[in-house]
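> Need a 3D model of the sequence below.
(one chain, ligands or ions: 1)
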Amino acid sequence: MDDLNLFRKQDSKTSCIVVNSELSKNMANIVFEKSGVTAPWTGTEESILELGEIHDLDLDYGCRMGNCTACQQPIVSGEVDYPNGHTGEPDEGNALLCCCQPKGDVDVVINA
Ligand code: FES
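From the prediction side, this is the model:
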């Protein structure tokens with residue numbers, strides 16, 4: 001989390017793509033298993049949902065604020081964090097893609 005915050009701070013002051021690339025080497029990949037897409041988490045995305053959309057995936061969503069649970073998808077492996085919290089509760093084994101981020105640098109595999 002500290003690395004992510006550091007990156008955001010640096011990114012707001014500079015537009016250094018090299019910094020982004022260097023940090024990506026130590027960050028998780030997000031594997032959208034059904035879609036056959038593996039996308040590197042760069043730390044600039046708000047959520048895994050946003051990362052999927054950047055890679056042209058058509059993922060379900062509703063409120064985009066962690067309330068409605070419309071964006072929930074099963075997590076096959078890896079862990080996620082909710083840096084801004086959420087009020088909706090996903091089903092057991094699922095994550096709210098609109099407001100979650102990978103926890104640490106372990107890849108997150110999603111059945112989506
Ligand atoms: S879109 Fe509503 S909880 Fe994610």
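> List the contacts of the residue lying closest to Gly66 once chain neighbours are set aside.
Leaving out its chain neighbours, the residue that sits closest to Gly66 by Cβ to Cβ, 6 or more residues apart in numbering is His86, at 2.9 Å. (C-beta placed from N, C-alpha, C; glycine too.) Counting by Cβ atoms under 8 Å, 6 or more residues apart in numbering, His86 touches 65-67, 96, 99.
> again, only this time at 6 Å
Neighbouring residues of His86 by Cβ atoms under 6 Å, 6 or more residues apart in numbering: 66, 96, 99.
> And the strands in the chain?
Assigned by DSSP state E, the strands in the chain fall at 29-32, 37-40, 72-77, 80-81, 94-96, 101-102, 108-110.
> so where's this structure uncertain?
Flagging of the chain using pLDDT under 70 yields the residue ranges 1-25.
> tell me which parts of it are close to the ligand?
By Cβ under 6 Å from any ligand atom, the part of the chain that sits against the ligand consists of 61-64, 66-71, 88, 96, 98.
> excluding its backbone neighbours, what's nearest the residue nearest the centre of the chain?
Centroid check for the chain by Cα atoms, centre = their mean gives Ile48 as the closest residue, at 2.6 Å. Nearest residue to Ile48 in three dimensions, chain neighbours excluded: Leu97, at 4.7 Å (Cβ to Cβ, 6+ apart).
> looking at it, the one you found is touching Glu46, isn't it?
No. At 10.8 Å, Leu97 does not count as touching Glu46 under the criterion of Cβ atoms under 6 Å.
> one step back: now distance to Asp56 and mean neighbour count too, for the strands of the chain, in a markdown table please.
Output for these, formatted as a markdown table (distance: least, Cβ to Cβ, whole Å; neighbours: other Cβ atoms under 10 Å):
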| stretch | distance to Asp56 | mean neighbour count |
| --- | --- | --- |
| strand 29-32 | 11 | 20 |
| strand 37-40 | 8 | 16 |
| strand 72-77 | 17 | 17 |
| strand 80-81 | 21 | 17 |
| strand 94-96 | 21 | 24 |
| strand 101-102 | 20 | 23 |
| strand 108-110 | 16 | 22 |
